[in-house]
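Engineer: with the input below, show me the fold.
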Amino acid sequence: MATAALSAMDVEQRLLTRNALFERFFAGEAPRLARACREMAQRFLRGGRLLAFGQGPCMTDAQHVAVEFVHPVIVGKRALPALDLSPAFDRWLDALLEPNDMVMGFGPPDGDSRVTAALGRAGDRGAMTFALPGRHGSYAIDQAAADPFVHQELIEILYHTLWETVHVFFEHRELGHDVGQAGFLYPFLGGEGAETPDLEGEVAASILMKVADDAALRTRAAADEAEHIHEAVGLIREGLNGGGKLITFGNGGSATDANDLALDCVAPPAGWRPIPAISLAMEPASVTAIANDIGTEVVFLRQLIAHARSSDVAVGISTSGGSRNVVAALEEGRKRGLRTIALLGYDGGEIVRRNLADVAIVVRSDYIPRIQEVQASIYHVIRESLEVRG
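Structural biologist: Alright, predicted model coming up:
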């Protein structure tokens, strides 16, 4: 393994340099995103579905966007139909696609020819297509960042703004729906019967506000957590040098982040050496069997018992810091002598209060999409640091 890691100062700088790129990109894209959200809302109202897919680490973006639409974190938002078709997306598209559907293909910075071809076929059948990246589609972006990790973080911000914003058009009276609980997030919608002559412009401005919030939170995390990130890298190195592996886990969007971190380890960018890692969230048969037979609180603990060795490093991801199954797995990891790391939001919750992680990295916010965006930057910087050689 590599013998030297990025310094805490290097970690801080790598987090901060992302902000300028993200803000510059969305400054140009916000109006197009607002228009795309309007069309998505119209398609959902006509019975359309969001069908997403990708290969390798990019499939975790398909997982993430699907769960965001089906199970939105904003209380009171309706579930919208979305599916991750990654395991067999060519066949599933051929069998399932309908003209009102929206098809979202994820790839690395230089694209994915198989994903591009599938998007082309979907567009020919009347679907709204998102090429992320690509040059052809209803919404397409060319390479926005050459670094695959930075690219993926930018794409995560993009689809978070999509699902947050599509509800504005979906609920707005012009589409036959009341504003409802979106009112406190989007005061420009006004009361019933109010005219909104430039809704797309207002929505574009709200997207830029979201990106600014993301940058402010990443800046704070860089200042407050760089030393903890540096410590986490050292802890992981110790485990790997002792023959251990990473064991990652989390729920919902955090499950997709756990999957992404594990895949970034075993299927890294070209020229990097693979690192042994598994994600307990990537085992649907085990998760559902354990949840059904015993309970959801032990879905990770039970797997940890089966897989863990004393040299392993347990990495729990929880935006609240209080997810019962993450807490239970970290407790078990401690009992078994594993090194434990937690990526958390809010104030770190029960995991911090009970000191269940050797290193706790806390993104101090109470809004889940922004927490997840900054957590993605953090675990990517951890992965980058593991590749640095002395």
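Engineer: please make it C-alpha for all contacts and neighbour counts, starting now.
Structural biologist: Fine.
Engineer: neighbouring contacts of the helix or strand bottoming out on mean pLDDT in the chain?
Structural biologist: One helix or strand of the chain scores below all others by mean pLDDT, DSSP states H and E: helix 148-171, with a mean of 92. Contact with helix 148-171 is made by 18, 22, 33-34, 37-38, 40-42, 45, 58, 61, 65, 68-69, 77, 108-109, 132, 144-145, 175, 177-180, 182, 186, 203, 207, 210-211, 269, 369, 373, 376-377, 380, as judged by CA atoms under 8 Å, 6 or more residues apart in numbering.
Engineer: what about those, which are in strands?
Structural biologist: L132 (DSSP state E).
Engineer: so which of the contacts of helix 148-171 belong to helices?
Structural biologist: 18, 22, 33-34, 37-38, 40-42, 45, 61, 65, 68-69, 203, 207, 210-211, 369, 373, 376-377, 380 (DSSP state H).
Engineer: so S86 is in contact with P57, correct?
Structural biologist: No. The criterion here is CA atoms under 8 Å, and S86 misses it with P57 at 10.8 Å.
Engineer: between those two, which one's more packed in?
Structural biologist: Higher neighbour count among S86 and P57: P57, with 27 against 23, using other CA atoms under 10 Å.
Engineer: now that one: how far from D224?
Structural biologist: Computed as CA to CA, to the nearest Å, the P57 to D224 distance reads 28 Å.
Engineer: using ChimeraX, define a selection of the buried residues within the contacts of helix 148-171.
Structural biologist: Selection of buried members from the contacts of helix 148-171 for ChimeraX, criterion 16 or more other CA atoms under 10 Å:
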select :18,22,33,34,37,38,40,41,42,58,61,65,68,69,77,108,109,132,144,145,178,179,182,203,207,210,211,269,369,373,376,377,380
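Engineer: quick one: secondary structure of R135?
Structural biologist: Under DSSP: H, G, I helix; E, B strand; the rest coil, the three-state class of R135 is coil.
Engineer: not counting its neighbours along the chain, what's nearest it?
Structural biologist: Among residues not flanking R135 along the chain, D142 sits closest, at 5.8 Å (CA to CA, 6 or more residues apart in numbering).
Engineer: residue contacts, that neighbour?
Structural biologist: Contacts of D142 (CA under 8 Å, 6+ apart): 132-135.
Engineer: drop anything exposed from these.
Structural biologist: Counted by 16+ other CA under 10 Å, the contacts of D142 give 132-134 as buried.
Engineer: distance to D347 added to the residues you listed, as TSV?
Structural biologist: Output for the buried ones among the contacts of D142, formatted as TSV (distance: CA to CA, whole Å):
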residue	distance to D347
L132	33
P133	35
G134	39
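Engineer: of those, which is the nearest to F300?
Structural biologist: L132 (31.9 Å; CA to CA).
Engineer: so how far is H160 from that closest one?
Structural biologist: 14 Å.
Engineer: now swap in S138 and tell me
Structural biologist: S138 is 18 Å from H160, by CA to CA.
Engineer: neighbour count: those two, which is higher?
Structural biologist: H160 (21 against 16).
Engineer: give me the pLDDT value at P187.
Structural biologist: At P187, the model reports a pLDDT of 41.
Engineer: quick check: which ranges of the stretch 51-200 of the chain have low pLDDT?
Structural biologist: 74-75, 173-197 (pLDDT under 70).
Engineer: please redo it, this time with the cut-off set to 90
Structural biologist: Applying pLDDT under 90 to the stretch 51-200 of the chain picks out residues 72-78, 143-144, 167-199.
Engineer: tell me the buried residues in stretch 203-216?
Structural biologist: Under the neighbour-count criterion of 16+ other CA under 10 Å, stretch 203-216 has 203-204, 206-208, 210-212, 214-215 buried.
Engineer: going by distance to A52, which of those wins?
Structural biologist: I207 (21.9 Å).
Engineer: would you confirm that that closest one contacts A30?
Structural biologist: Yes. The criterion here is CA under 8 Å, and I207 meets it with A30 at 6.2 Å.
Engineer: report the beta-bridge partners for the nearest residue to R339 once chain neighbours are set aside.
Structural biologist: Excluding the flanking residues, the one nearest R339 by CA to CA, 6+ apart is V313, at 4.8 Å. Beta-bridge pairing for V313 (DSSP bridges): L246, R339.
Engineer: which residues does V313 contact?
Structural biologist: V313 neighbours (CA under 8 Å, 6+ apart): 235-236, 239, 244-247, 338-341.
Engineer: what's the farthest-apart pair in the residues you listed?
Structural biologist: The widest separation within the contacts of V313 (CA to CA) is 14.2 Å, between G244 and I341.
Engineer: so those two - more neighbours on which side?
Structural biologist: The residue with more neighbours, out of G244 and I341, is I341; 26 against 22, by other CA under 10 Å.
Engineer: could you look up the SS state of that one?
Structural biologist: strand.
Engineer: tell me if I'm right that it and H230 touch.
Structural biologist: No. At 11.8 Å, I341 does not count as touching H230 under the criterion of CA under 8 Å.
Engineer: hey, what's in contact with both of those two?
Structural biologist: Counting by CA under 8 Å, 6+ apart, nothing touches both I341 and H230.
Engineer: what about whatever helix or strand G316 lives in, average pLDDT?
Structural biologist: Using DSSP states H and E, G316 falls within strand 313-318. Taken as a whole, strand 313-318 carries a mean pLDDT of 98.
Engineer: show me the contact partners of whichever helix or strand comes after that strand.
Structural biologist: Sequence order places helix 324-335 as the next helix or strand after strand 313-318, per DSSP H and E. By CA under 8 Å, 6+ apart, the residues outside helix 324-335 that reach it are 249-250, 296-301, 304-305, 308, 314, 316-318, 339-340, 350-351, 356-357.
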